[in-house]
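Trainee: A structural model of the following input is requested.
(one chain, ligands or ions: 1)
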Amino acid sequence: MNILDKIVADKRKEVDLKKSLITLPQLEASVMMERTSISLAEVLRKSNSGIIAEHKRRSPSKSVINQSLSVQDVAKGYTDASASGMSVLTDGKYFGGSLDDLVLARASTNIPILRKEFIIDEYQIVEAKAYGADVILLIAAILSREEIKKFSELAKSLGLDVLLEVHNEEELEKSIMPSLDMLGVNNRNLKSFEVDLDISKTLSKKIPDDFVKVSESGISSVEAIRELKEFDYQGFLIGENFMKTNEPGESAKRFIDKIIA
Ligand SMILES: O=C(O)c1ccccc1NCC(=O)[C@H](O)[C@H](O)COP(=O)(O)O
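Mentor: Here you go, the predicted model:
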């Protein structure tokens with residue numbers, strides 16, 4: 001079984017357990033359900049940098065990245081750096097994240113927050129809203145077209161933006177639909193962990209102009225951003241490059257300042 005299949009199998013068990021502990025009506029009672037979400041797609045359309053800075057403690061490809069920082073400090077740092085958005089990993093087993101991280105990030109910043117999660121059930125979308133996210137991620141590699149449609153339409157009905165992630169042409173063709181806001185190309189193969197920025201460059205031509213294009217993973221230089229901008233990317237999801245430092249906010253600030261200089 002590859003790592004992605006393992007993550008999804010664990011996620012199914014986790015979601016089933018959660019559903020038995022916290023019911024949908026209980027989730028829907030969260031004050032956050034009334035909050036007006038901020039559109040990351042709109043922010044990216046107007047942004048000069050397009051950086052979506054990620055809070056990432058560890059990962060299957062790198063094990064430990066940074067376990068010592070508070071998510072509040074990281075969120076404040078990314079906000080001071082003028083990041084366009086923040087991505088918060090909420091998976092515990094493989095990434096060391098949690099829904100607490102999402103709530104704490106929400107309490108520390110007003111920039112749009114992406115719940116970075118392996119979404120396989122509508123329950124997790126309501127959860128994303130209830131815990132303060134503005135955007136959800138849907139990963140084409142683990143969802144059918146019907147699921148992408150059902151999940152993205154639910155997210156839109158809750159006022160959330162949808163970032164749909166693909167890694168190849170087949171996933172892209174299966175996924176295009178009007179209920180998506182952003183098309184993300186993951187440069188990392190989630191089964192082999194191989195990273196190649198050319199994946200973003202190759203797929204860009206196939207993404208219709210109606211969607212904001214986001215390039216994800218393996219980005220560590222301003223030169224790479226400049227090249228990706230030539231391929232019409234407006235969003236850039238960066239995790240490890242910032243989180244591996246002692247001050248992710250400062251690191252993001254220097255990076256963003258260089259882009260907009
Ligand atoms: O990062 C991983 O090792 C990973 C492995 C399996 C599934 C997903 C994974 N990462 C999730 C992400 O998409 C990245 O955290 C995000 O794009 C930022 O990537 P990076 O800048 O390379 O940290």
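Trainee: gap between the least confident helix or strand in the chain by mean pLDDT and the chain center?
Mentor: Across the helices and strands of the chain, the lowest-confidence element by mean pLDDT, DSSP states H and E is strand 63-64, at a mean of 89. Its chain's C-alpha centre and that of strand 63-64 lie 19 Å apart, by C-alpha atoms, centre = their mean, to the nearest Å.
Trainee: that one pairs with which strands, parallel or anti?
Mentor: Each strand that pairs with strand 63-64, with its direction, by DSSP bridges: strand 58-59 (antiparallel).
Trainee: now the strand it pairs with: average pLDDT?
Mentor: Per-residue pLDDT over strand 58-59 has a mean of 96.
Trainee: outside of the least confident helix or strand of the chain, which residues touch it?
Mentor: Taking C-beta atoms under 8 Å, 6 or more residues apart in numbering as the criterion, the residues outside strand 63-64 that touch it are 57-58. For every residue, glycine as well, the C-beta is placed using N, CA and C.
Trainee: so is the helix or strand following that strand next to the ligand?
Mentor: Using DSSP states H and E, the helix or strand that follows strand 63-64 in sequence is helix 71-80. No: applying C-beta under 6 Å from any ligand atom, one finds that helix 71-80 is not in contact with the ligand, the shortest distance being 13.4 Å.
Trainee: avg pLDDT for helix 71-80?
Mentor: Helix 71-80 comes out with an average pLDDT of 98.
Trainee: same for it, what does it pack against?
Mentor: If contacts are counted by 3 or more C-beta pairs under 8 Å, 6 or more residues apart in numbering; DSSP states H and E, helix 71-80 sits against strand 51-55, strand 85-89, helix 99-108, helix 248-260.
Trainee: again, 6 Å this time
Mentor: In terms of contacts (3 or more C-beta pairs under 6 Å, 6 or more residues apart in numbering; DSSP states H and E), helix 71-80 is packed against strand 51-55, helix 99-108, helix 248-260.
Trainee: need the ones you listed in JSON lines with mean pLDDT and distance to the ligand, can you?
Mentor: Shown next, in JSON lines, are these (pLDDT from 0 to 100; distance: least, C-beta to the nearest ligand atom, whole Å):
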{"stretch": "strand 51-55", "mean pLDDT": "98", "distance to the ligand": "5"}
{"stretch": "helix 99-108", "mean pLDDT": "98", "distance to the ligand": "13"}
{"stretch": "helix 248-260", "mean pLDDT": "98", "distance to the ligand": "11"}
